[in-house]
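Asker: Predicted model follows, preceded by the sequence.
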Amino acid sequence: MRIQLRIEGGFFPLPGWHTPRLLDSTALSMQDANELRQLVQEANFFELPSVLNTPAPGSADYRTYYLAVEDNGRCHAIQTSDPVPDSHIEALIRFVMQHISASTNA
């Protein structure tokens, strides 16, 4: 499974996240790869609409997340913004951010 994440905006933009970053489950431990797969399944990621929500007018400090998942020939991409409307998607974004950051700081 490969996941690409790009983040735009926010009051304090996250350096380097405006460029898509990739997380490949083959680079994770078996436990983390299983957790990633579970997060994608719990979010029903492949059934989600391509746009979950957009920031309200005037909400310039919200971040917008672009998340794409490729798994066993299936590909799907979504866009969502703060506040992320689905706790499963929020957990998936946090997991991906944490593991991409850990791999780039290693």
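Answerer: Thanks, I have the structure now.
Asker: Show me where the protein has its strands.
Answerer: In the chain, the strands defined using DSSP state E lie at 2-9, 21-24, 63-71, 74-81.
Asker: Go through these and name the closest to residue 92.
Answerer: Taking CB to CB, strand 63-71 is the member of the strands of the chain nearest to residue 92, at 7.2 Å. No exception for glycine: its C-beta is placed from N, CA and C like everyone else's.
Asker: still on that earlier bit, of all the strands of the chain, which one is nearest residue 30?
Answerer: Proximity of these to residue 30 was assessed by CB to CB; the nearest stretch is strand 21-24, lying at 13.9 Å.
Asker: Quickly run through the sheet partners of the closest one, with directions.
Answerer: Using DSSP bridges, strand 21-24 pairs in its sheet with strand 2-9 (antiparallel).
Asker: how far does the partner strand sit from the chain's center?
Answerer: Taking the mean of its C-alpha atoms, strand 2-9 sits 6 Å from the chain's own mean (CA atoms, centre = their mean, to the nearest Å).
Asker: Also stretch 82-98?
Answerer: Centroid separation between stretch 82-98 and its chain, computed with CA atoms, centre = their mean, is 6 Å.
Asker: buried residues in the biggest helix by length in the chain?
Answerer: Under DSSP state H, the helix in the chain containing the largest number of residues is helix 87-105. Neighbour counts using 16 or more other CB atoms under 10 Å place 88, 89, 90, 91, 92, 93, 95, 96, 97, 99, 100 of helix 87-105 among the buried residues.
Asker: Could you do stretch 27-44 as well?
Answerer: Within stretch 27-44, the residues that qualify as buried are 28, 32, 35, 36, 39, 40, 43, counting by 16+ other CB under 10 Å.
Asker: would JSON lines of those residues with distance to residue 21 and pLDDT be doable?
Answerer: Formatted as JSON lines, these follow (distance: CB to CB, whole Å; pLDDT from 0 to 100):
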{"residue": "28", "distance to residue 21": "14", "pLDDT": "97"}
{"residue": "32", "distance to residue 21": "16", "pLDDT": "98"}
{"residue": "35", "distance to residue 21": "18", "pLDDT": "98"}
{"residue": "36", "distance to residue 21": "15", "pLDDT": "98"}
{"residue": "39", "distance to residue 21": "17", "pLDDT": "98"}
{"residue": "40", "distance to residue 21": "17", "pLDDT": "98"}
{"residue": "43", "distance to residue 21": "19", "pLDDT": "97"}
